[in-house]
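**Q** turn this into a structure:
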Amino acid sequence: MPLVPPPRPAAQQAADIPPTSVLNANQPEWSVGELAGALKRTLEDAFGHVRLRGEISGYRGQHGSGHAYFSLKDGQARIDAVVWKGVFGRLRQRPQEGLEVVATGRITTFAGKSSYQIVIESLEPAGLGAWMALLEERKKQLAAEGLFAPDHKRPIPYLPRVVGVVTSPTGAVIRDILHRLEDRFPRPVLVWPVRVQGDGAAEEVAAAIRGFNALAAGGPIPRPDVLIVARGGGSIEDLWAFNEECVVRAAFASAIPLISAVGHETDTTLIDYVSDRRAPTPTGAAEMAVPVRADLIATVRCRGTPARPLHPRGSPRRAGPASPARAPRRPPRPDRAQSAGRRDRGSACRSRRPHRNRCRRGAAPSAGRWPARGRSGAAPGGRRSRAPPRWPVRARRSRAWGSRNSAASSGRRRRAAGSR
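**A** Next up is the predicted model:
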């Protein structure tokens, strides 16, 4: 027979707990406004600022009051959103229907509808795909208006008197531009400092372009002949200020030729399409702005002097004026012919000894030998002849010198024998 546990005794109410009727009678009463305020404080304290990702839905533009109302949704839920009038003008990304965004703001409640909502403080596209899709859409819109037409582009002046630069005053970009201008052709530079990233950067860049164009020619501040809008490399989010519509329209309306140098060579922004010339880097923009001073000086000098005709190898030269014929040599004087012959005859004797051996003048050498000398040292002619000098002393100090000297002497002997 199975064992069955005995039934549990019924729970008895504690003696110190009052009944429910008594508790309901002792609870305080809340008004609707007090409860809504308490819920609002609880919700704001629990969440505070959040980053919310979703798709914009129900956006119909700004309201008459300047505020914007729409919703953020995904596949599971939906939340109301509001952008106040003062914040709407500072948004990096304006709301668009169907755009997936990441909204940053604070969670609060709206007592009039018993609902909660997010008050957006910043808005940006969600992911690289959303950024690129927005960029392509804006590019098509501006191209349809003719802002990227090639007919609008103007040539860059060859040698500007003043160069204007729109960039950040701190950073490597402005140093690279100034250094490159100093190396190529020093020119006066005006720098309009702006922010190149973050909230308000696009408005500052557009205001700088308009400010340079507003300068009067011949005024206290010189008007630049060319503008350089430059920034270093970065992600598409960092360079987004140069994709804003206000910057593109300011560059299109600029009366001063403009060179864009935003990012690296692989980075492309909308200001590159509307500018008069696009540089791959800020250093390349400085090279496009001014020529090389040394090359310019060399070109001016070459144009100032007549060029000489060049005759490459194998090409026939032009027939120039005939050179005057040389006058024939005068015949030798009769009184000097004999002395010249004596010198010629004596050269055969001197060719044997390159050093200080001299034959007796007036006497022909005997078969290429030295004149005969008697015991008294007198020559057959009655005059005393000089003894042939010895070999140079330095020829005995080195074998190489002796070998060269002997080879030279033997060559001279053969030439002398051939002449005889």
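
**Q** hey, where'd the strands end up in the stretch 51-200 of the chain?
**A** Ranges of strands in the stretch 51-200 of the chain, per DSSP state E, counting those that start in this stretch, are 68-73, 78-83, 100-110, 115-125, 163-167, 189-193.

**Q** give me whichever of these is most buried.
**A** Greatest average neighbour count among the strands of the stretch 51-200 of the chain goes to strand 163-167 (a mean of 26), per mean count of other Cβ atoms under 10 Å. Yep, even glycine has a C-beta here, placed from its N, CA and C like the rest.

**Q** just give the strands next to that strand in its sheet, each with its orientation.
**A** Take DSSP bridges as the rule and strand 163-167 pairs in its sheet with strand 189-193 (parallel), strand 226-231 (parallel).

**Q** for Gly284, which of the strands of the stretch 51-200 of the chain is the nearest?
**A** Nearest to Gly284, of all the strands of the stretch 51-200 of the chain, is strand 163-167, at 13.9 Å by Cβ to Cβ.

**Q** follow-up on the earlier one: can you redo the strands of the stretch 51-200 of the chain as TSV with mean pLDDT and distance to Ile174?
**A** As requested, the strands of the stretch 51-200 of the chain are exported to TSV (pLDDT from 0 to 100; distance: least, Cβ to Cβ, whole Å):
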stretch	mean pLDDT	distance to Ile174
strand 68-73	90	38
strand 78-83	91	35
strand 100-110	88	31
strand 115-125	88	28
strand 163-167	96	5
strand 189-193	96	6
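
**Q** export only the CA atoms of stretch 165-183, formatted as CSV.
**A** Output of stretch 165-183 as CSV, limited to C-alpha atoms (Å, rounded to 0.1, in the frame of the first residue of the first chain):
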residue,chain,number,x,y,z
VAL,A,165,44.1,78.6,-47.4
VAL,A,166,41.0,77.3,-45.6
THR,A,167,42.1,74.7,-43.1
SER,A,168,42.7,74.1,-39.4
PRO,A,169,45.4,76.4,-38.0
THR,A,170,46.8,73.5,-35.9
GLY,A,171,48.0,70.3,-37.7
ALA,A,172,50.4,69.0,-40.3
VAL,A,173,48.3,70.2,-43.2
ILE,A,174,49.1,73.9,-42.9
ARG,A,175,52.7,73.2,-42.2
ASP,A,176,53.0,71.0,-45.3
ILE,A,177,51.4,73.7,-47.5
LEU,A,178,53.6,76.5,-46.2
HIS,A,179,56.8,74.4,-46.4
ARG,A,180,56.0,73.4,-50.0
LEU,A,181,55.2,77.0,-51.1
GLU,A,182,58.5,78.2,-49.5
ASP,A,183,60.5,75.6,-51.5
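
**Q** got JSON lines for the strands paired with strand 163-167, with distance to Asn213 too?
**A** As requested, the strands paired with strand 163-167 are arranged in JSON lines below (distance: least, Cβ to Cβ, whole Å):
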{"stretch": "strand 189-193", "distance to Asn213": "11"}
{"stretch": "strand 226-231", "distance to Asn213": "9"}
